[in-house]
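A.B. asks: Sequence and computational prediction follow.
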Amino acid sequence: MKYMKKYTLLFMITAALLFLYSCRRGSNVRVIGKDFITEYGEYISENNRYLINVSESPKGILKYQIQKPDGTLIIQSEKHEVRIGIYHKWRLYWDDVSQTFWILSSDVGNYVWLAENNDIYAPYGLRKYLEENADFRNKVPERVLLFIDK
């Protein structure tokens with residue numbers, strides 16, 4: 001009986017600690033809304049359809065990925081040639097309306113990730129893409145335009 005009380009108490013403390021840890025982790029996810037992402041962390045799109053993780057890779061490169069609620073990765077920085085050094089200025093922006101991802105970087109320049117088919121995304125250099133697709137400028141979010149037109 002004496003041991004039962006000790007194990008029960010130990011179980012309750014462990015359960016309480018696990019509960020507090022899970023609450024703390026969940027509160028770190030920020031809704032991005034219309035803001036740029038400029039810090040490491042977990043973000044959720046305004047419509048709650050996409051989770052964006054931003055961190056530092058071991059090689060000093062910015063690591064970012066976007067996934068759907070079912071866990072399907074649609075953008076993964078390690079799979080493409082767009083490598084942003086963490087020591088440079090960078091801003092990321094997810095546009096819920098057009099479902100495009102924007103990279104504004106003093107290191108590699110500005111990029112846009114566009115869905116091609118079946119939610120497969122590919123990065124395009126923004127300057128070149130705008131030169132080849134002039135009408136696309138109308139689809140660039142105002143916040144991004146303000147930043148790239150400086």
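C.D. replies: In hand now; what should we look at?

A.B. asks: all helices in this protein, in order from the N-terminus.
C.D. replies: Assigned by DSSP state H, the helices in the chain fall at 2-27, 126-132, 142-148.

A.B. asks: Can I get the last one in CSV? Just the C-alpha atoms.
C.D. replies: Going back to what we said before, that points to helix 142-148. Provided in CSV are the C-alpha atoms of helix 142-148 (Å, rounded to 0.1, in the frame of the first residue of the first chain):
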residue,chain,number,x,y,z
GLU,A,142,1.3,44.5,-51.6
ARG,A,143,3.5,43.8,-48.6
VAL,A,144,6.0,42.0,-50.8
LEU,A,145,5.9,44.7,-53.5
LEU,A,146,6.6,47.4,-50.9
PHE,A,147,9.7,45.5,-49.8
ILE,A,148,11.1,44.6,-53.3
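
A.B. asks: Quick check: buried residues in that helix?
C.D. replies: By 16 or more other CB atoms under 10 Å, the buried positions in helix 142-148 come out as 143-144. Bear in mind the C-beta positions are built from the backbone N, C-alpha and C, glycine included.

A.B. asks: In terms of secondary structure, what does that helix contact?
C.D. replies: On a contact count with 3 or more CB pairs under 8 Å, 6 or more residues apart in numbering; DSSP states H and E, helix 142-148 meets strand 90-95, strand 100-105.

A.B. asks: what's Val140 in contact with, if anything?
C.D. replies: Counting by CB atoms under 8 Å, 6 or more residues apart in numbering, Val140 touches 130, 148.

A.B. asks: 10 Å instead?
C.D. replies: Residues in contact with Val140, defined by CB atoms under 10 Å, 6 or more residues apart in numbering, are 95, 98, 100, 102, 112, 126, 129-130, 146, 148-149.

A.B. asks: still on that earlier bit, relative to Leu73, which of the helices and strands packed on helix 142-148 is closest?
C.D. replies: Smallest distance to Leu73 across these (CB to CB): 12.4 Å, for strand 100-105.
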